[in-house]
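Asker: Return atomic coordinates for the entry below.
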Amino acid sequence: KLLSLVDERIATQNKIIEDMKKLKSAIAKILFESIQGHTVCLSDICTILKGQQINGDCLSDTGEYYVMNGGIEPSGYYDKCNVPAETISISEGGNSCGYVQFNASPFWSGGHCYTLNDINSNADGRYLYHFLKSHESAIMKLRIGTGLPNIQKKDLEKFNVTLPSMAIQKSTSAFLAALENKVINEEELLGKIQAQKQYFLSQMFI
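Answerer: Take a look at the predicted model:
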C-alpha cells in the first residue's frame, strides 16, 4: 500500500510538471503576441555560429562539459568546451532540429548545433531565448530534407524577432524565468520522490 501511494504521488508530480510547462508556454505565447516593438532579423542582433564536430570515440558518459549536437539531450561529455556559459543554442540537424536551449554552463557545440554569439546591446539575452523558445515550432518549420533534416544558417539568420524597449524585455524575461524555475523545482522534487521510492524498495527487500 505504501509503494502504491508513492507511485500515485509520482504520477501526480509528473502531471504537475506537465501542466506547469503547458501553462508557461501558453503565457509566453500570449505575452509575445501582445508585445509591441520593432522587428529585426536574428542576424541583425547576433552572430550565428555552427559548432565543431568531434569524434564520438572522444566522448565519455561523464565529464566537465556536455556536448550538444542535433538532439535535445547531450550526446556525451568532453574535457574541453568551445562555448561560454549563458549561451543560446539551436539544434541544426536531425529530428529535433530547431530545438532552442539556454545553456547555463559552458559546453561543447558540435557539428549539428548553432550558437547565438555577440548579442548586441539592443537585445537582452534572456528575452531573446524566451522569444525563440516561444516560437520554437516556427523555427522547426525552417527544416529542409527528409532523411536527415536540417536548418540552413541563411534561413535562421532571416528569422524575425520582435524587440520592445529594454525595460519590457527584462521584465518579460524575469517573469518567464520565474515560471521556468518553478518547473525546475518541481522536477527536482520529482527526483527526490523517485529516490525515496528506491530507498524504500532497498530497505524492504534487503
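Asker: neighbouring contacts of the helix or strand containing I90?
Answerer: Secondary structure from DSSP states H and E places I90 in strand 87-91. Residues outside strand 87-91 that contact it (CB atoms under 8 Å, 6 or more residues apart in numbering): 68-72, 83, 97-103, 107, 109, 112-117, 125, 128-129, 132, 139, 151, 156. Every C-beta, even on glycine, is put in place using the N, C-alpha and C of the backbone.
Asker: again with stretch 128-141
Answerer: Contact with stretch 128-141 is made by 25, 28-29, 31-32, 45-46, 88, 90, 97-100, 102, 116, 119, 151, 156, 159, 161-162, 172-173, 176-177, as judged by CB under 8 Å, 6+ apart.
Asker: buried residues in the lengthiest helix in the chain?
Answerer: If you go by DSSP state H, the chain has its longest helix at helix 166-204. Across helix 166-204, burial judged by 16 or more other CB atoms under 10 Å covers I168, Q169, T172, S173, L176, L179, E180, V183, E186, L190, K197.
Asker: for stretch 123-142, same thing?
Answerer: Under 16+ other CB under 10 Å, the buried positions of stretch 123-142 are 123-135, 139-140, 142.
Asker: Work out the gap between it and the centre of the chain.
Answerer: The chain centre lies 10 Å from the centre of stretch 123-142; the measure is CA atoms, centre = their mean, to the nearest Å.
Asker: quick one: terminal-to-terminal distance for that stretch?
Answerer: Length of stretch 123-142, first residue to last, CA to CA, to the nearest Å: 23 Å.
Asker: Quick one: the buried residues of helix 166-204 as a markdown table, columns for pLDDT and distance to C41 too.
Answerer: Below are these laid out as a markdown table (pLDDT from 0 to 100; distance: CB to CB, whole Å):
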| residue | pLDDT | distance to C41 |
| --- | --- | --- |
| I168 | 95 | 20 |
| Q169 | 96 | 17 |
| T172 | 95 | 20 |
| S173 | 94 | 20 |
| L176 | 94 | 23 |
| L179 | 94 | 28 |
| E180 | 92 | 26 |
| V183 | 95 | 30 |
| E186 | 97 | 36 |
| L190 | 97 | 39 |
| K197 | 94 | 49 |
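Asker: Now flag whichever of those residues is closest to V6.
Answerer: V6 lies nearest to K197 out of the buried residues of helix 166-204, by CB to CB, at 4.8 Å.
Asker: pretty sure that closest one contacts E8?
Answerer: No - counting by CB atoms under 8 Å, K197 does not reach E8; the two are 11.2 Å apart.
Asker: what packs against the helix or strand harbouring L3?
Answerer: Under the criterion of DSSP H and E, L3 resides in helix 2-34. When contacts are defined as 3 or more CB pairs under 8 Å, 6 or more residues apart in numbering; DSSP states H and E, helix 2-34 packs onto helix 125-134, helix 166-204.
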